[in-house]
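Chemist: how would this look folded up:
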Amino acid sequence: MFNKVLILSASAGAGHIRAAQAVEKAFIRLNAAQHIRNVDVLDYTNKIFHKLYSQVYIEMVNKAPEILGWLYDYFDKPWHYERRRLAFDKLNTRPFIKMLGEYQPDIAVCTHFLPSEIISWLKEKHKIDIPQAIVITDFDVHAMWLCRHFEHYFVALDETKEHLVQLGVPQAQVTVSGIPIDPVFTEMKDKKQMRLHFGLDPSLVTILISTGGFGVGPVEQLLKSLLKMRNKAQAFVICGKNQELKNRIDSFIRDIPASAPLRITSVGYTTEMDSFMSAADILLGKPGGLTACEALAKGLGFIIVNPIRGQEERNADHLLEEGVAIRCNNLPVLAYKMDKLLDDPSKLISMQTNARRLGRPRAALEIVEKLLTL
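Modeler: Modelled structure (predicted):
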């Protein structure tokens, strides 16, 4: 058992925070630490830096995803921008460095690359001697995740491990655990019972429409396209923390004619994502690392729309390659693609079977179990 554990993330997108929460719950479930601190490292930076990392990211996802994708590709050059990026980070994270020195954890577990590179630099300068584990929260590894001073990496796929090894990371210091999701996803829940729990028809095909933790993307356009389906189905839209989006979707739903083949329900921020996914057959949305792994754990077929260029594009490639997903690049044909899938039940069953094969619902628990052996 550890005495003090420090879990570090950054609120640039919801996935890093959710991964940190999953690891924290795993530590608690396994009784693996006496004291746990789960910290958003951006709370220990100045206001301008915090805004650049969080609000600007969401704005770019919504309004300039092509720029975000260009930046992702531009900086994906192993070790190339290391010193320049680190110099910028050090200027803006002094309160974080102070907190590290005061708390003195037995281990730091990083689900974002910002704290991991600061810790790596401090270890290089012999200013701290804190072991750190780095948990990569997408299927691929981007150059910004690379550190020179660490104890262990946790990755989603065998291919990702091989990528790190080819970049010089010792094989023994990489574990293929899957991306950590809430341990509640290990619990089996009856699909029909979950549909009844949420007031849904237990006999209808059920589509979960995910907009991410912050509720982003052209959701109304997606719903307009989906309403042209031939097959009867029901869908719930997870709006996350975006209350404005939920209000718009509620208004949109009120205008849907009763004769429409698709029934739509909106959901705000929820801590019952495992139950919603247990009720669903198909996940329709963006392939963020955490969302994709939650869907895999629940055996959902995936219809990919509007992936963010960069990490989500790469996540999409893996899902398509493994036979878990189909992709809709043009929203006007979304209803056609959905109908084509529902007209071929064997195709959907195959996608769901592949999802269950790839799912790692115990990922967070496996990470903590491995840390206890290091």
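Chemist: Quickly find the element holding Arg18.
Modeler: helix 14-29 (DSSP states H and E).
Chemist: which stretches of the stretch 101-250 of the chain form helices?
Modeler: Counting by DSSP state H, counting those that start in this stretch, the segments of the stretch 101-250 of the chain that form helices are 113-124, 158-166, 191-197, 219-226, 243-254.
Chemist: Return the most buried member of the ones you listed.
Modeler: Of the helices of the stretch 101-250 of the chain, the one with the most neighbours on average (mean count of other CB atoms under 10 Å) is helix 113-124, at a mean of 22. Heads up, the C-betas are built off the backbone N, CA and C, glycines and all.
Chemist: which residues of this protein score low on pLDDT?
Modeler: 48, 50-65, 68-69, 71-72, 79-92, 212-217 (pLDDT under 70).
Chemist: the residue most distant from the middle of it, which is it?
Modeler: If you look at how far each residue of the chain sits from its centre, by CA atoms, centre = their mean, the farthest one is Ser259, at 35.9 Å.
Chemist: And the residue nearest the centre of the protein?
Modeler: Nearest to the chain centroid, counting by CA atoms, centre = their mean: Leu290, 2.4 Å.
Chemist: how close does that residue get to Pro361?
Modeler: 13 Å (CB to CB, to the nearest Å).
Chemist: how far away is Val135 from Met188?
Modeler: 25 Å.
Chemist: Which one of these two is surrounded by more residues?
Modeler: Val135 (30 against 9; other CB atoms under 10 Å).
Chemist: which residues does the more buried one contact?
Modeler: Val135 is in contact with 19, 23, 109-111, 153-154, 177, 179-180, 367, counting by CB atoms under 8 Å, 6 or more residues apart in numbering.
Chemist: in the sheet, who's paired with it?
Modeler: Counting by DSSP bridges, Val135 forms beta bridges with Phe154.
Chemist: okay, now the domains of the protein?
Modeler: Domain assignment for the chain by automatic domain parsing gives 2-180, 185-358.
Chemist: in the stretch 1-150 of the chain, which spans are strands?
Modeler: Applying DSSP state E, counting those that start in this stretch to the stretch 1-150 of the chain gives strands spanning 2-9, 33-40, 107-110, 132-135.
Chemist: of all those, which lies closest to Ile209?
Modeler: Judged by CB to CB, the one of the strands of the stretch 1-150 of the chain that comes nearest to Ile209 is strand 2-9, at 25.7 Å.
Chemist: In the closest one, which residues are buried?
Modeler: 2, 4-9 (16 or more other CB atoms under 10 Å).
Chemist: Between those, which sits nearest Glu159?
Modeler: Ser9 (24.2 Å).
Chemist: Spatially nearest residue to the closest one (excluding sequence neighbours)?
Modeler: Ala20 (3.8 Å; CB to CB, 6 or more residues apart in numbering).
Chemist: Run a quick neighbour tally on that neighbour.
Modeler: The burial count for Ala20: 26, using other CB under 10 Å.
Chemist: Quick check, it in contact with Leu6.
Modeler: No: using CB atoms under 8 Å, Ala20 is not in contact with Leu6; the gap is 10.4 Å.
Chemist: hey, what's in contact with both of these two?
Modeler: Taking CB under 8 Å, 6+ apart as the contact criterion, the common neighbours of Ala20 and Leu6 are Val109.
Chemist: Ok, which of the strands of the stretch 1-150 of the chain comes nearest Ala325?
Modeler: If we rank the strands of the stretch 1-150 of the chain by CB to CB, the stretch that ends up nearest is strand 132-135, at 23.4 Å.
Chemist: tell me how far the closest one is from the chain's mean position?
Modeler: How far strand 132-135 lies from its chain's middle: 17 Å, per CA atoms, centre = their mean, to the nearest Å.
Chemist: Before I go, just wanted to say thanks for your time.
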